[in-house]
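**Q** Sequence and predicted structure below; questions after.
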Amino acid sequence: MAQCYAPEVQFRDEVFSLDGRDRVMAMWFMLCESLDGRGRVDWKLNYRIVSVDAQTARLHWSARYHFGTAGRPVYNRIDATFHFNADGLITQHHDSFNFWRWSRQALGLSGLLLGWSPLLRRQVRRRAQAGLNRYVAALQVPAAAERPPH
């Protein structure tokens, strides 16, 4: 994906709103590592191209994975729209999915009861953004062995 995104790419979905290739790729790495880090390499991704031309592509994709420390199974169906620049790089990537359906699976009872509410959506967005900020900060801090002596 990093080779497909333009440096100024904008990514939007029900949880994240990100600008710039570095930030978008950090999100993808964080999400993939969170699955692998829990020993959950059983996630699956399928996609179907709905339409494509020189400026725009529309895809439908689905992801199956286990979410969070509880390992709740999630089957998320996403409609994606990509916009391309003259070089064929993605400048906008918008994923749309039913947040309530996702939250019922991923969050359990709280998602079932509150997944429809803007309050829960804001809370999920804040937590996801904070997690991404911590992930990016950790990437920028050299390991103790690599730090220069005082």
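**A** Structure's in. What do you need? Here the structure is a predicted model, which is why all the values come from computation and not from measurement. Numbers count the residues shown, from 1 in each chain.

**Q** what sits up against the longest helix along the chain?
**A** Identified as the longest helix of the chain according to DSSP state H is helix 118-140. Helix 118-140 is contacted by residues 14-17, 23, 26-27, 29-30, 99, 103, 107, 110-111, 114 when judged by Cβ atoms under 8 Å, 6 or more residues apart in numbering. In short, each C-beta sits where N, CA and C put it, glycine included.

**Q** What are the boundaries of the helices in the chain?
**A** 21-37, 99-107, 109-114, 118-140.

**Q** buried set for the last one?
**A** Neighbour-count burial for helix 118-140 flags L120, R121, V124, A128, L132, Y135 (criterion: 16 or more other Cβ atoms under 10 Å).

**Q** just these now: which is nearest E8?
**A** E8 has its nearest neighbour among the buried residues of helix 118-140 in L132, at 18.5 Å by Cβ to Cβ.

**Q** Now that we're looking at the closest one, what pLDDT does it have?
**A** On the pLDDT scale, L132 is placed at 95.

**Q** Select only the buried ones of the contacts of helix 118-140 in PyMOL?
**A** The PyMOL selection below is limited to those of the contacts of helix 118-140 classed as buried (16+ other Cβ under 10 Å):
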select buried, resi 14+15+16+26+27+29+30+99+103+107+111+114
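
**Q** Tell me which two in the contacts of helix 118-140 are the farthest apart.
**A** Across the contacts of helix 118-140 (Cβ to Cβ), the longest gap, 29.3 Å, separates F29 and L114.

**Q** For R127, see how far away G88 is.
**A** Using Cβ to Cβ, to the nearest Å, G88 is found at 35 Å from R127.

**Q** contacting residues for R101?
**A** With the criterion set at Cβ under 8 Å, 6+ apart, R101 makes contact with N76, G115.

**Q** What distance do you get for it to S62?
**A** R101 is 12 Å from S62, by Cβ to Cβ.

**Q** what about V9, how many neighbours?
**A** For V9, the count of nearby residues is 25 (other Cβ atoms under 10 Å).
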